[in-house]
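> I would like the atomic coordinates for the input below:
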Amino acid sequence: MRNCGVRNLGLALMATLTFGSLTIGAIAPVSAQVLLEQQGNLQPAEDEYTFSGQAGQTVVISLTSPDFDTVVRLLDPSNQEIAVNDDYGRSLNSQIVLTLPRTGTYKVMARAFSGGGGNYSVTVRPATEYDEAFDRAYKSLLEGDMQTALTNYDSAIRLDPNQPDAYLGRADVRIALAEGQFGEEAIADYRRAAALYEESGNREMAQMLRDQIEYMLNPPAPIEEPTP
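Okay, the predicted model is just below:
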C-alpha cells in the first residue's frame, strides 16, 4: 500500500509543515516564492505531494535527505510521469528542473532508491536564471558536450557567484577538456568552492575539497612493479 501524504498548494501560497528534523548543508540560490516545502520521515514506500502549476512555468523540484539515497518523480495533471531523477550534481539528493507543459495539479512522488527511509525535505519553487543555467550545464556535462557545459557553467557563475556546485562542475569540465590534467583554472575553481563551503559553515566539505586540491598538486608516485 502506498503511504501518501497529499498536500495541495496554490501558486500564490507558501506553507511549511514539519514532520521531522532535517539539517541541509546546501547553499540555496536566491529565488522567488516557494510553491511547496515539506519535511517528513519516509518509510519504505512512496510519499505523494501535489502543487498547482501553470503551463510554461519553469520549476525546481528538490528532494533531499541526510539518511537515504533519494528518488523523485513528477506526474502531470493526467497522472503521467514526465520527469524522474535519482542523483543530481555531486550528491545522492534528487532534483528536477522542468518547464511545466500544462496548467493543473502536479504530483511529486518521493521515495528512497533502495527501499529504505528516513528524514527528508521536498521543495517546489520557481526556477531562477541560475537554476536554469546550472541545469543546462549539468545535462550537457552528462551528455559529454563539454564546450556547451563550460559556457553554461560560466553563465551560472555570473548569475550567482556564491554557489560552490557551479565551480565544481566547471572544474570537472576543464579537467575533461584537458584530458584528465589538473590545470590552474580547475584548481582555482576547487579553491573557490572550498572557500564558499567554509563561509557557509560546511567545514567538512571544505576540507575534503582541500584534500583533493593537495592530491591534484602532489599526486602520489606510481608504484613500481617488481622486476621478475
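> now do the same end-to-end measure for stretch 50-58.
16 Å (Cα to Cα, to the nearest Å).
> swap in stretch 109-116?
Taking Cα to Cα, the first and last residues of stretch 109-116 lie 15 Å apart.
> check stretch 93-110 too.
Taking Cα to Cα as the measure, stretch 93-110 stretches 11 Å from start to finish.
> partner strands of the strand or helix carrying residue 109, parallel or antiparallel?
Here residue 109, judged by DSSP states H and E, is contained in strand 104-112. According to DSSP bridges, strand 104-112 forms sheet pairs with strand 46-53 (antiparallel), strand 70-75 (antiparallel).
> so what touches it?
Strand 104-112 is contacted from outside by 8, 36, 40, 42, 44-53, 61, 63, 65, 68-77, 79, 100, 118, 120, 122, 124, using Cβ atoms under 8 Å, 6 or more residues apart in numbering. The C-beta positions use only the backbone N, C-alpha and C, and glycine is treated the same way.
> which of the residues in that strand are buried?
Burial within strand 104-112, assessed by neighbour count using 16 or more other Cβ atoms under 10 Å, is assigned to 105, 106, 107, 108, 109, 110, 111, 112.
> domain assignment for this protein?
16-127, 130-217 (automatic domain parsing).
> and those domains as CSV, adding mean pLDDT and distance to residue 226?
What follows is the domains of the chain, written out as CSV (pLDDT from 0 to 100; distance: least, Cβ to Cβ, whole Å):
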stretch, mean pLDDT, distance to residue 226
domain 16-127, 82, 38
domain 130-217, 96, 25
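> can you add distance to residue 224 and give these back as TSV?
Converted to TSV, the domains of the chain look like this (distance: least, Cβ to Cβ, whole Å):
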stretch	distance to residue 224
domain 16-127	33
domain 130-217	20
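> quick one: closest of those to residue 225.
Among the domains of the chain, domain 130-217 comes nearest to residue 225, with 21.7 Å by Cβ to Cβ.
> the closest one: how far from the chain's middle?
Distance of domain 130-217 from the chain centroid (Cα atoms, centre = their mean, to the nearest Å) equals 14 Å.
> the chain: strands as residue ranges?
Assigned by DSSP state E, the strands in the chain fall at 16-17, 36-42, 46-53, 58-64, 70-75, 81-85, 94-99, 104-112, 118-126.
> tally of neighbours for the nearest residue to residue 53 once chain neighbours are set aside?
In this structure, residue 53 finds its nearest non-sequential neighbour in residue 100, 4.4 Å apart by Cβ to Cβ, 6 or more residues apart in numbering. For residue 100, the neighbour count with other Cβ atoms under 10 Å is 19.
> check contacts around the spatially most central residue of the chain.
Nearest residue to the geometric centre of the chain (Cα atoms, centre = their mean): residue 88, 4.4 Å. Going by Cβ under 8 Å, 6+ apart, residue 88 touches 94, 95, 138.
> and the top helix by length along the chain, what's buried?
Secondary structure of the chain per DSSP state H: the longest helix is helix 184-200. Buried residues in helix 184-200, counted by 16+ other Cβ under 10 Å: 186, 187, 189, 190, 192, 193, 194, 196, 197, 198.
> closest one of these to residue 153?
The shortest gap between residue 153 and any of these belongs to residue 189, at 9.0 Å (Cβ to Cβ).
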